[in-house]
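1. this is a predicted model, with the sequence first.
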Amino acid sequence: MTIRAESDPRFFMRFLIIGLVVTGFSAYCVYDGAIGYPQQRVRALKYLEMEEAKELKEWPAYAKSQGWSTDPPGEPKTEVDFQLQFILAGVTAALAIWFFTIVFRNRGRWIEGSKSGISSSWGQKLNYDDVLELDKKLWKKKGIAKVYYQEGDRRRRFVIDDFKFKREPTGEILRALESRISHDKITGGYPEGYEDVYEEIDEHGESTAKA
């Protein structure tokens, strides 16, 4: 029997939302650099011209005739200000692409536990017999367990994450792994379902699970 944990859309939804917000900010920067700031410069230069000519009392009427706000426009924006907006637009657009890439790259991903080991949709596999260590330091707070295993001459790592993947089957995969390895390979926490047993052991002596 195999246990498959599909990617959890709720986890990646936050990246999609952030990507949309950043995209909006990037578009706003483009608008400012191409339209908003140049228009502000025209208003501000006219305001300064009227100020120097001591004609500011005519500003409200003139501004209304141009469809502008009657508020003082402040210091005129410069070409440097225009270019800075385009630079910010480029940087934030790149960030948005990165967030969207995370979302689309993880669509359809899964991890799977079987009688012999754990595998993933991206081709990573491990056998229970090759497990060297199961690190659970981050499992309780963040739902992340790191499995270190031997593959040929290399020590590799497989991450079990119940935020990226649906929680219930991910927990089942972790429990299946723990039932097939010796508990002295589990570090940073206790085996699932054995917490009370090991806490009682800790009261009387050192537990075999390494905290």
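-> Good, I have the coordinates.

2. report the next helix or strand after the lengthiest helix in the chain in sequence order.
-> Among the elements of type helix in the chain, defined by DSSP state H, the one spanning the most residues is helix 79-105. Elements were assigned by DSSP states H and E; along the chain past helix 79-105, the next helix or strand is strand 110-113.

3. how about the helices in the chain?
-> Counting by DSSP H, the chain forms helices over residues 9-31, 37-52, 59-65, 79-105, 139-142, 167-178, 195-204, given from the N-terminal end onward.

4. same list (those) but as JSON lines, adding mean neighbour count.
-> (Glycine included, C-beta is placed from N, CA and C.) Supplementary listing: the helices of the chain in JSON lines, determined by neighbours: other Cβ atoms under 10 Å:
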{"stretch": "helix 9-31", "mean neighbour count": "15"}
{"stretch": "helix 37-52", "mean neighbour count": "15"}
{"stretch": "helix 59-65", "mean neighbour count": "13"}
{"stretch": "helix 79-105", "mean neighbour count": "15"}
{"stretch": "helix 139-142", "mean neighbour count": "13"}
{"stretch": "helix 167-178", "mean neighbour count": "19"}
{"stretch": "helix 195-204", "mean neighbour count": "12"}
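
5. redo those helices as JSON lines? Include distance to Y149.
-> Rendered in JSON lines, the data for the helices of the chain read as follows (distance: least, Cβ to Cβ, whole Å):
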{"stretch": "helix 9-31", "distance to Y149": "25"}
{"stretch": "helix 37-52", "distance to Y149": "56"}
{"stretch": "helix 59-65", "distance to Y149": "71"}
{"stretch": "helix 79-105", "distance to Y149": "24"}
{"stretch": "helix 139-142", "distance to Y149": "17"}
{"stretch": "helix 167-178", "distance to Y149": "10"}
{"stretch": "helix 195-204", "distance to Y149": "23"}
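
6. G189 is nearest to which of these?
-> helix 139-142 (5.7 Å; Cβ to Cβ).

7. how far does the closest one sit from its chain's centre?
-> How far helix 139-142 lies from its chain's middle: 17 Å, per Cα atoms, centre = their mean, to the nearest Å.

8. in JSON lines: the helices of the chain, plus mean pLDDT and distance to S121.
-> As requested, these are exported to JSON lines (pLDDT from 0 to 100; distance: least, Cβ to Cβ, whole Å):
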{"stretch": "helix 9-31", "mean pLDDT": "94", "distance to S121": "14"}
{"stretch": "helix 37-52", "mean pLDDT": "96", "distance to S121": "47"}
{"stretch": "helix 59-65", "mean pLDDT": "96", "distance to S121": "61"}
{"stretch": "helix 79-105", "mean pLDDT": "95", "distance to S121": "11"}
{"stretch": "helix 139-142", "mean pLDDT": "92", "distance to S121": "22"}
{"stretch": "helix 167-178", "mean pLDDT": "95", "distance to S121": "14"}
{"stretch": "helix 195-204", "mean pLDDT": "51", "distance to S121": "31"}
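
9. those: which one's closest to G152?
-> Comparing the helices of the chain against G152 with Cβ to Cβ, the closest turns out to be helix 167-178 (20.6 Å).
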